[in-house]
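Engineer: show me the folded form of this:
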Amino acid sequence: MPEPFTRLTAIAAPLEMANVDTDQIMPARFMRRPRDERYAQYGFHDLRFTPEGMVREDFILNRPPFDRAGILVAGRNFGVGSSREAAVYALQALGFRCVVADSFGDIFFNNSLKNGLLPVRLPEAECTALRTTLHANPGAQVTVDLAAQTLTTPDGTAHTFTIPPFARDCLLRGLDEIGFTFTLLPEIEAFESARAAG
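Structural biologist: Below is the predicted model:
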């Protein structure tokens, strides 16, 4: 089950790329690998490393302090493409708990919510301004408060966002859909007992 997500303050990394697809986030050739301590190596693999395995120094997530970021601020249409939960797992293995963009691939958005990664939608102008701030102030922190549904930028500006209520409740409580079902077990058992008694 995912860790509860209530309030996160973390270094935010700006990713100046639009239409990042799930194969860029998690290349297909790694899909069958076990989800272990090596999983972080697969995230954005072909953007982070050359074909020979050398680190690409020009890729933003390879540069300090962005290599320690917990929040990713991306361009539009983040997570488009095939429906692979492994893209979410790879981002989490890299240390991200939240991705901010003005739009997401629908399946990626839903996979994120179900697996404890918070996708925050903000208007494009706000995302662009935030990425500009982060480039100018490497290591700047952003605060995401899920209970209040606000994102606070390094200069203290608060932006509101919305998350579907059921998904928000599950994230706050650290529950996936199966875990949520188990919270209803007393009611389910009572219903079954009453039904069996006829």
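
Engineer: what about residue 168, which SS state?
Structural biologist: For residue 168, the secondary-structure state derived from DSSP: H, G, I helix; E, B strand; the rest coil is helix.

Engineer: surely it touches residue 161?
Structural biologist: No - taking contact to mean CB atoms under 8 Å, the distance of 10.4 Å between residue 168 and residue 161 leaves them out of contact. No exception for glycine: its C-beta is placed from N, CA and C like everyone else's.

Engineer: overlap in contacts of those two?
Structural biologist: The overlap between the contact sets of residue 168 and residue 161 (CB atoms under 8 Å, 6 or more residues apart in numbering) consists of residue 149.

Engineer: check contacts around residue 58.
Structural biologist: Under the criterion of CB under 8 Å, 6+ apart, residue 58 has no neighbours.

Engineer: what about it, is that helix, strand or coil?
Structural biologist: coil.

Engineer: flag the shaky bits of the protein, pLDDT-wise.
Structural biologist: Low-confidence segments of the chain, defined by pLDDT under 70, span residues 1, 177-191, 194, 198.

Engineer: show me where it has strands.
Structural biologist: Read by DSSP state E, the chain holds these strands, from start to end of the chain: 7-14, 71-73, 98-101, 118-121, 141-145, 150-152, 158-160.

Engineer: residue 69 reaches residue 61, doesn't it?
Structural biologist: Yes - the pair formed by residue 69 and residue 61 meets the contact definition of CB under 8 Å, at 7.3 Å.
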